[in-house]
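A.B. asks: Give me a 3D structure for the following:
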Amino acid sequence: RRHGADDIASGERNNLIVWNQNARYRASPGYVNRQPYLREAAPPDKRCLSYTHDRDFGDFTAYPPGLEEFRGRGWCPPAFACYDSMAPALKKDEL
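C.D. replies: Alright, predicted model coming up:
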């Protein structure tokens, strides 16, 4: 379930993000993402890490300058889905 986006060197990126939550729909059989979050079998590919979402980002690469404040704020992977070699301190569910 991890994903990432490369930083852009020139030009601009436009993103449209729409957040929506509907309990009735999420409880319905037609809900597309009803799969449980599965335990990760191995560490993530470095290209798929996000400093805003991944708790283990700093184990694989340095935070971009000025963005070290994101350390410890991520949620992914959830504590129950950590891969075996993930740092023990990061396996704790801090949320």
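
A.B. asks: so where do the helices sit in this structure?
C.D. replies: Shown for the chain, the helices assigned by DSSP state H span residues 23-27, 57-60, 88-91.

A.B. asks: Just name the most buried of these.
C.D. replies: Most buried of those, by mean neighbour count (mean count of other C-beta atoms under 10 Å): helix 57-60, with a mean of 18. Glycine gets a C-beta too; all of them are placed from N, C-alpha and C.

A.B. asks: just checking, Glu40 touches Ser85?
C.D. replies: No: using C-beta atoms under 8 Å, Glu40 is not in contact with Ser85; the gap is 10.1 Å.

A.B. asks: Looking at these two, which one has more neighbours?
C.D. replies: Glu40 (18 against 9; other C-beta atoms under 10 Å).

A.B. asks: Chain neighbours aside, what residue packs nearest to that one?
C.D. replies: Taking C-beta to C-beta, 6 or more residues apart in numbering, and ignoring the residues beside it in sequence, Glu40 has Tyr83 as its nearest neighbour in space, at 4.1 Å.

A.B. asks: So what's the residue count around the one you found?
C.D. replies: Neighbours around Tyr83, by other C-beta under 10 Å: 14.
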